[in-house]
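K.L.:
A predicted structure for the sequence below; I have some questions about it.
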Amino acid sequence: QVPVVESGGGLVQPGGSLKLSCTTSGFTLRYYTIGWFRQAPGKEREGIACTSTSGDSTYYAASVKGRFTISRDNDKNTAYLQMNSLRPEDTAVYYCAADCYFDGTSATNYWGQGTQVTVSS
């Protein structure tokens, strides 16, 4: 299990943008697929994006496709989620995780604290 730390969340107005970061210490992220997940109050955790180890292949859930972009910088041991055109329904705690699959799931049993994203005017 890869212990990851998310950052970059906050309060943003509808239509705004945020960029989340995911990093770890003691592990090398380049050997793992990395994904982003979110959980809104009263809802199950949803897998929204996943990137291959090289970053050449990506997966997006229909709910974020065309608005969110997942990327990674293996030299910086960091993955990112650029979120544009944010909507109130994007409000959730966002998590990253290693060992994601291109179907919105992950093999990980480790979930960090996450970072809160709130979209509201």
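P.N.:
That came in fine, so what should we check first? Numbering: from 1, shown residues only.
K.L.:
can you give me the strands in this protein?
P.N.:
Here the chain has its strands, by DSSP state E, at 4-7, 10-12, 18-24, 34-39, 46-51, 58-60, 68-73, 78-83, 92-98, 115-119.
K.L.:
nearest to N109, of these?
P.N.:
strand 92-98 (9.5 Å; CB to CB). Where you see a C-beta, it was placed from the backbone N, CA and C, and this is true even at glycine.
K.L.:
Check which helices and strands that closest one sits against.
P.N.:
strand 4-7, strand 18-24, strand 34-39, strand 78-83, strand 115-119 (3 or more CB pairs under 8 Å, 6 or more residues apart in numbering; DSSP states H and E).
K.L.:
and if we set it to 10 Å?
P.N.:
Applying 3 or more CB pairs under 10 Å, 6 or more residues apart in numbering; DSSP states H and E, one finds that strand 92-98 makes contact with strand 4-7, strand 18-24, strand 34-39, strand 46-51, strand 78-83, strand 115-119.
K.L.:
circling back: determine which of the strands of the chain approaches A107 most closely.
P.N.:
strand 92-98 (8.3 Å).
K.L.:
Taking strand 34-39 as reference, get the angle to that closest one.
P.N.:
150 degrees (axes from the mean of the first three to the mean of the last three CA atoms, to 10 degrees).
K.L.:
Of all the residues in strand 92-98, which ones are buried?
P.N.:
Residues of strand 92-98 classed as buried by neighbour count (16 or more other CB atoms under 10 Å): A92, V93, Y94, Y95, C96, A97, A98.
K.L.:
Check the spacing between the nearest residue to R72 once chain neighbours are set aside and S63 real quick.
P.N.:
Spatial nearest neighbour of R72, chain neighbours left out: A79 (4.3 Å); criterion: CB to CB, 6 or more residues apart in numbering. Here the distance between A79 and S63 works out to 19 Å (CB to CB, to the nearest Å).
K.L.:
Highest average neighbour count across the helices and strands packed on strand 92-98: which stretch is it?
P.N.:
strand 34-39 (a mean of 25; mean count of other CB atoms under 10 Å).
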